[in-house]
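Novice: Sequence isn't available, so here's the structure alone:
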């Protein structure tokens, strides 16, 4: 699990990334183990997608605005809106191939 779900203490009911009404979590998009203090309320799917598209070193340098407006993230957000409920998240071909080689 990416973060802790706050069922009763949600600051926002919508994901700040894709703006859907899915369950929201407080997500460190830069891992705490790397000194990450950037937190965003987002759905678990968007939190996973962020880490599939960008490495932690790059995320540490990005503001939330830069993250959401990055062309790769914009493409994912549009894809998610068009495929709502059909798929959890989108992986690039390179990520799928890496997963096959390293995760079996």
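Specialist: Arrived safely. Since this is a predicted model, take the numbers as computed values, not measurements.
Novice: Read off the pLDDT value for residue 86.
Specialist: Among the per-residue scores, residue 86 shows a pLDDT of 57.
Novice: swap that for residue 63, please
Specialist: Per-residue pLDDT puts residue 63 at 86.
Novice: Tell me how many other residues surround residue 19.
Specialist: Residues lying near residue 19 (other Cβ atoms under 10 Å) number 15. (Each C-beta comes from the backbone N, C-alpha and C, glycine too.)
Novice: before we move on, what about residue 37?
Specialist: When neighbours are defined as other Cβ under 10 Å, residue 37 has 7 of them.
Novice: check contacts around it.
Specialist: If you count contacts by Cβ atoms under 8 Å, 6 or more residues apart in numbering, residue 37 has them with 28, 30.
Novice: Which strand or helix spans it?
Specialist: Taking DSSP states H and E as the definition, one finds residue 37 inside no helix or strand.
Novice: what residue ranges in the chain score low on pLDDT?
Specialist: Judged against pLDDT under 70, the low-scoring parts of the chain cover residues 1-12, 84-92, 95-96, 98-99, 102-104.
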